[in-house]
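Novice: coords please:
(2 chains)
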Amino acid sequence: MTGGSVALRRKARSTATLFLLLPGAAFLLILFIVPVAGLVLESLSDPAGALVHYRHILAVPVYLLVLGRTVLISAVTALLCLVLGFPVAYRLSYARPWLKGLILLCIFLSFWTNLLVRTFSWMVLLNPNGIINQALGLVGLGDTVKLVYNTTGVLIGQTQILLPYMILPLAAVMGRIDLSLMNAARSLGASPYKAFMKVYVPLVKTGALAGLVLVFTLSLGSFVVPALLGGPRDMFLAQLIEFNINKTLNLNFASALATVLLATTMVLYWIGDRWFGLGRVWGGK
Amino acid sequence: MNRATRDRNLLSHSSTLSRRQLLAGGAAVGAALAMPRIARAADEEIVFATWGGSWEAAMRKAWFDPFQKKTGIAVKTISGNDYGKIEAMVKAGRTEWDVVETLPDFQWIGADKGLLAPIDFSVVDKSAIMPGKDMVTEFSVPEVLFAEVMVYNTKFNPAPQSWQDLYDLSRFPGMRTFDGTDVQAIMESALLADGVPPATLYPLDVDRALKKLETIRSQVQFFETNAQGEQYFSDGQCVLGMLPDGRAINIRDSGAPVAIQYNGTILTWSTMVIPKGAPHLAAAQKFLAYALSPEAQAAIAMAYTYGPVVPKALDLIPASRANILSGGPQMQGKAVLRGEKWWSENLTATNEKFNTWKLG
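Specialist: The predicted structure is shown next:
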């Protein structure tokens, strides 16, 4: 094979790549980039001045406080999903086919069930007169534990609803890990704990990071769960955005709030990329 | 950025939308979108944007069908009357709705933004409409009355008599509940509880209301949807609070352990407006005139528990029915009419204060 034909084939391949990328890129451009640009422009277009809404967000403490709460609860949700999703993903990756099917069925059944249905089910289960508090009442703990209409309720709902986004990327990575590496570590004298921490965990890291990013980002935009399962303090920014769209028709301000949420997400992602190597998740270096 | 650029943005938004709809709905939809006026001028039809649901079904029976019979004008409904949609539609010069039912704040918000067409009062008779501040404006007429009432658990004996009692944790212990998105009713009831006379309620002293609310902070559980609030009362999680009157009657009659206290009822109304550029302006005015006739007002009150805004309609309604309507005889002398004008100017700032309180 001559050098010329290799170059030619490489060129043909890159042209093909370009064409294959085109529909996806066009889709993103028309349905994502353009609307987001429109949103940012909307937030800056007010007869009273371009930055008036951003100044208002900074001046009235409630908006940044709610943003802080949104970020905090989302971060805790992501960590809870990691802790709960890890064992499930582990079992899923190394299970016999029938068990694998069963676990996947459970995950997808919950995944496919309507968000509102799941949230209302949690209200039935967790409310002070619900089955869980009644059971706790039998052992004398009925009134001590408040499971819903507070941050606990939001975390329970968010974690359950977002768990599949953690389990699936984790399991995808785990399935590719060669378990004989663990045996090799053991044979070289590592304790099971050390073998797990030094060999297994680093290999799973990309999957865990992908799961954390997915869960955290999806949680930032949540509306239904905090609105229905939270207490007065558990406001998410999406609730304030909705109020400004549907109750006061202040679309410019709602756009500014949405832009702040988007910018926060991007800054947090950038920090994650810079210090925790998030870029590797998507194949970067 | 100036207004013209802004309008162009909105325009490009909606043309993206219509392209998508065209792909989804085929060429027929596309043609209708391309020339909405020409396509629809031929048939006698108005488009009414509504909150939908069982309310829409009631209007169909009480208003739309009789109106069509009488005038030959059909009423087509669109469910989902968002303010945002009206603004986008009018700004893009593609108004597709003829009548929209909204909350009263929109009669000012919409007018200030130039989204509304004036009501033709030579067609619409406003003389029969009940007296009440701001119920009729240049751009709006009231549609029906609705109310928020105090609801309490029947275990209380003696029963709570006022908002003051709702705030009395020692005589009436237990969880309270309010619609957490209804900042208006929460502020108003707190001030009434604190002893502010209804006549001097507005302008609202928001700080005073929040101070009062603070006294029951640990005993309040807010709900996000009415169904949730109904559930709190039905299963006894909450023993005192506020619900829309129709919802309260509904759970009471289906056996929930609750009763209604009409003292301090907060009364307000929904309005009907015509968006600027409405394709069937004359027919829309005719519809408003019809909906405000005593007969139509009585008919809707028979179909739904929202009350008539035309007092003469009450003469056409049996007493047993009249007594469960918003603004009916059971509320006479007890209800407070909401200061909608104040709210249209102060809702955002008040809600910010309320949200700050919630976080506190």
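Novice: how about residue 60, what does it touch?
Specialist: All of this refers to chain A. For A:Val60, the contact set (C-beta atoms under 8 Å, 6 or more residues apart in numbering or on different chains) comprises B:Glu352, B:Thr356. Just so you know, the C-beta spots here come from the backbone N, C-alpha and C atoms, and that holds for glycine as well.
Novice: oops, I was thinking of chain B
Specialist: By C-beta under 8 Å, 6+ apart, the residues touching B:Arg60 are B:Val75, B:Thr77.
Novice: How much space separates it from chain A?
Specialist: Computed as C-beta to the nearest C-beta, to the nearest Å, the B:Arg60 to chain A distance reads 24 Å.
Novice: Show the pLDDT at that residue.
Specialist: For B:Arg60, the pLDDT comes out at 96.
Novice: Can you tell me how far the residue nearest the centre of chain A is from A:Leu162?
Specialist: By C-alpha atoms, centre = their mean, chain A has its centre lying nearest to A:Val215, at 1.5 Å. According to C-beta to C-beta, to the nearest Å, A:Val215 and A:Leu162 sit 5 Å apart.
Novice: Mind listing the shared neighbours of the two?
Specialist: Taking C-beta under 8 Å, 6+ apart as the contact rule, A:Val215 and A:Leu162 both touch A:Thr77, A:Ala78, A:Cys81.
Novice: Let me know whether the last one touches A:Tyr165 as I believe.
Specialist: So the one you mean is A:Cys81. Yes: in terms of C-beta atoms under 8 Å, A:Cys81 counts as a neighbour of A:Tyr165; the distance is 7.4 Å.
Novice: returning to what we had before: just confirm the residue nearest to the centre of chain A is within a helix.
Specialist: Yes: looking at A:Val215 with DSSP: H, G, I helix; E, B strand; the rest coil, it is inside a helix.
Novice: Just give me the neighbour total for the closest residue to chain B within the stretch 51-200 of chain A.
Specialist: Of all residues in the stretch 51-200 of chain A, A:Val62 sits closest to chain B, at 4.7 Å by C-beta to the nearest C-beta. Around A:Val62 there are 19 other residues, counting by other C-beta atoms under 10 Å in any protein chain shown.
Novice: List the pairing partners of the longest strand along chain B within its sheet, with orientation.
Specialist: Ordering each strand of chain B by length in residues (DSSP state E) puts strand B:258-275 first. If you go by DSSP bridges, strand B:258-275 pairs up with strand B:99-102 (antiparallel), strand B:116-117 (antiparallel), strand B:141-153 (antiparallel), strand B:336-337 (parallel).
Novice: Next, the buried residues of that strand.
Specialist: Neighbour-count burial for strand B:258-275, counted by 16 or more other C-beta atoms under 10 Å in any protein chain shown, picks out B:258, B:260-275.
Novice: before we move on, what about stretch B:231-244?
Specialist: Quick answer for stretch B:231-244 (16+ other C-beta under 10 Å): B:231-234, B:236-244.
Novice: How about B:Arg321: what's its closest non-neighbour residue?
Specialist: Distance criterion C-beta to C-beta, 6 or more residues apart in numbering or on different chains; nearest residue to B:Arg321, sequence neighbours excluded, is B:Met302 at 6.4 Å.
Novice: Please work out how many residues are found near the residue nearest to A:Pro232 when sequence neighbours are not counted.
Specialist: Among residues not flanking A:Pro232 along the chain, B:Lys358 sits closest, at 3.9 Å (C-beta to C-beta, 6+ apart). B:Lys358 has 20 neighbours, counted by other C-beta under 10 Å.
Novice: Go over the secondary structure and confirm B:Lys358 is in a strand.
Specialist: No: read with three-state DSSP, B:Lys358 is helix and lies in no strand.
Novice: ok, how many other residues are close to A:Asp46?
Specialist: Using other C-beta under 10 Å, the number of residues around A:Asp46 comes to 19.
Novice: Contacts only, for it.
Specialist: Contacts of A:Asp46 (C-beta under 8 Å, 6+ apart): A:Val52, A:His53, A:Asn252.
Novice: and it, how far is that from A:Asn250?
Specialist: A:Asp46 is 9 Å from A:Asn250, where distance means C-beta to C-beta.
Novice: Just the CA atoms of stretch B:229-240, as PDB, please.
Specialist: Output of stretch B:229-240 as PDB, limited to C-alpha atoms (Å, rounded to 0.1, in the frame of the first residue of the first chain):
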ATOM      1  CA  GLY B 229     -54.300  20.200  49.800                       C
ATOM      2  CA  GLU B 230     -57.500  18.100  49.600                       C
ATOM      3  CA  GLN B 231     -55.500  15.100  50.500                       C
ATOM      4  CA  TYR B 232     -54.000  16.800  53.600                       C
ATOM      5  CA  PHE B 233     -57.500  17.500  54.900                       C
ATOM      6  CA  SER B 234     -59.000  14.200  53.900                       C
ATOM      7  CA  ASP B 235     -56.400  12.100  55.700                       C
ATOM      8  CA  GLY B 236     -56.200  14.400  58.700                       C
ATOM      9  CA  GLN B 237     -52.500  15.500  58.200                       C
ATOM     10  CA  CYS B 238     -53.700  19.000  58.400                       C
ATOM     11  CA  VAL B 239     -56.600  20.300  60.500                       C
ATOM     12  CA  LEU B 240     -57.000  23.900  59.500                       C
END
